[in-house]
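[1] Sequence and predicted structure are below.
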Amino acid sequence: MAYDCDNVTGGSKMSQTWLTDMTHFIDEDGELISEPYHAKRLGEYIASIVLMVSYPTAEIPPEYRVVCRRRPKQQSCGEEIAGFVDPDTEKIVWVCPRCGDRGFISNWRGTVWDLSEVVDIDH
């Protein structure tokens with residue numbers, strides 16, 4: 001699924017690095033998994049980041065922007081996630097500029113959330 005590198009290595013709880021493979025959140029029909037619940041929620045979050053980063057124009061409409069889901073000190077972080085596609089690895093690299101939550105998403109190309117090849121998009 002997703003691996004929280006900082007927790008595995010005993011790193012700081014202030015930020016996490018998520019190593020996620022989009023295919024781990026997809027069922028046999030190519031849709032997001034429906035359970036377990038927490039995996040579904042994480043899959044929805046990761047899919048929204050894929051939509052945002054793969055949006056085919058530089059100007060991303062507000063409905064495609066992703067807000068950080070972390071809750072440091074029980075308060076919503078609420079900062080907009082920043083991301084890009086690493087040209088060497090083809091992984092999506094994303095980060096929250098406020099709290100430092102960050103991650104890499106692999107195997108996202110060709111999923112229904114990959115908008116990189118879409119020529120005309122309605123939003």
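    Yep, it's here. Residues are numbered from 1 along each chain as shown.
[2] Grab the nearest non-local neighbour of the most centrally placed residue in the chain.
    With distances taken as C-alpha atoms, centre = their mean, the residue of the chain nearest its centroid is residue 46 (3.1 Å). Once its chain neighbours are removed from consideration, residue 46 has its nearest residue in residue 20; the separation is 5.2 Å (C-beta to C-beta, 6 or more residues apart in numbering). No exception for glycine: its C-beta is placed from N, CA and C like everyone else's.
[3] Then residue 104?
    residue 91 (4.7 Å).
[4] Where does the residue nearest to residue 46 fall, secondary structure wise?
    Counting by DSSP states H and E, the element that carries residue 20 is strand 17-21.
[5] that older thread, and the residue nearest to the centre of the chain, what element?
    Take DSSP H and E as the rule and residue 46 turns out to sit in helix 37-53.
[6] what helices or strands is the next helix or strand after that helix leaning on?
    Along the chain past helix 37-53, the next helix or strand (assigned with DSSP H and E) turns out to be strand 82-85. Helices and strands touching strand 82-85, by 3 or more C-beta pairs under 8 Å, 6 or more residues apart in numbering; DSSP states H and E, are helix 37-53, strand 92-95.
[7] buried ones in strand 82-85?
    Residues of strand 82-85 classed as buried: 83, 85 (neighbour count, 16 or more other C-beta atoms under 10 Å).
[8] Confidence-wise, which helix or strand of this structure is lowest on average?
    Comparing every helix and strand of the chain by mean pLDDT, DSSP states H and E singles out helix 5-9 as the least confident one, with a mean of 40.
[9] how long is stretch 98-108 end to end?
    End-to-end distance of stretch 98-108: 25 Å, with C-alpha to C-alpha, to the nearest Å as the criterion.
[10] Name the residues that touch that stretch?
    Residues lying outside stretch 98-108 but in contact with it, judged by C-beta atoms under 8 Å, 6 or more residues apart in numbering, are 2, 14-23, 46, 49-50, 54, 68-70, 72, 77-79, 86, 89-96, 114.
[11] just to revisit the earlier point, for the helix holding residue 46, name the packing helices and strands.
    strand 17-21, strand 82-85, strand 92-95, strand 102-106.
[12] Quick one: mean pLDDT for that helix?
    When pLDDT is averaged over helix 37-53, the result is 95.
[13] If anything else comes up later, I'll come back, but that's it for now.
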